[in-house]
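A.B. asks: Here is a sequence together with a model predicted from it:
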Amino acid sequence: MAKESKKRKAAGQIYQHANTYPLSEALEILGKFPKARFDETVELSVHLGVDPRQSTQMVRGVVDLPKGSGKKVRVVAFTDNTQAAVDAGADHAGMDDLISKIQDGWTDFDVAVATPAAMKEVRKVARVLGPRGLMPNPKSGTVTEDITEAIKSVKSGGRVEFKMDKTANIGVIVGKRSFTTGDLQVNIEAVFDALSKARPETMKGHHYVKSAAISGTMTPGVRLESAAFSHL
């Protein structure tokens, strides 16, 4: 706890928490914060101006990070063509055996992909996968006929899903602290572009994104100037 307090104190000498900064400057500030003993994940946190009570204003989607996420992704594939799925990089593939394993409580993976034909069987484990955010979904590209391409895309670590919570907030992984500021900026701009495309048609007004900040796993957040997202 004392070490964390020292880090927070050091961070406070680098920037002003209440201030907002241009994206490039915010990334430079993030890079100056004391580092943990592991390669921290960098996350973009966004607060939206939509009404989370309205089902027509739900915001969710997927973004392909140009510079990758830096995360090793464990993938399972629901398909009868198990060999092709394994060859494409799936950590586990199958149908009845995989479904049975999940029914027994196994969820040791990050992403599940499936063919449309397999979804009838996959729905048997929806109660297990749904609450964990692991259910394959056509909107996120995890239900597709081209399952080998989906597996390769997910395994690259560049494909990241995002979904708004009940308070209209979204958190999206944009890389690691070991990334260059340039690579992080490219990824963040890609996320903002994906959020723009996911803007609900029923959204009124010009304040789709109300605020945004970036942070590392062990760092405080650095708030971004609205110029980074005012065009959305």
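C.D. replies: Perfect, thanks for sending it.

A.B. asks: give me every residue that touches D165.
C.D. replies: P52 (C-beta atoms under 8 Å, 6 or more residues apart in numbering). Glycine gets a C-beta too; all of them are placed from N, C-alpha and C.

A.B. asks: all helices for this protein, in order.
C.D. replies: Ranges of helices in the chain, per DSSP state H, are 2-12, 23-32, 82-88, 96-103, 119-122, 126-129, 147-155, 181-197.

A.B. asks: report the angle between the axes of the second one and helix 181-197?
C.D. replies: With axes from the mean of the first three to the mean of the last three C-alpha atoms, to 10 degrees defining the directions, helix 23-32 sits at 130 degrees from helix 181-197.

A.B. asks: Run through the chain and note the low-pLDDT ranges.
C.D. replies: Along the chain, the model assigns pLDDT under 70 to residues 1-12, 205-206.

A.B. asks: let's see it at 80
C.D. replies: Along the chain, segments meeting pLDDT under 80 span 1-13, 139-140, 156-158, 203-206, 232.

A.B. asks: for F109, what are its contacts?
C.D. replies: R74, V75, V76, D91, H92, L134.

A.B. asks: neighbour-wise, which of these leads?
C.D. replies: V76 (27 neighbours; other C-beta atoms under 10 Å).

A.B. asks: For M135, grab the count of nearby residues.
C.D. replies: 20.

A.B. asks: quick one: it and L30, what's the gap?
C.D. replies: 33 Å (C-beta to C-beta, to the nearest Å).

A.B. asks: Just give me the closest of the contacts of F109 to A212.
C.D. replies: For the contacts of F109, the minimum distance to A212 (C-beta to C-beta) is 26.6 Å, reached by L134.

A.B. asks: Chain neighbours aside, what residue packs nearest to the closest one?
C.D. replies: A112 (5.2 Å; C-beta to C-beta, 6 or more residues apart in numbering).
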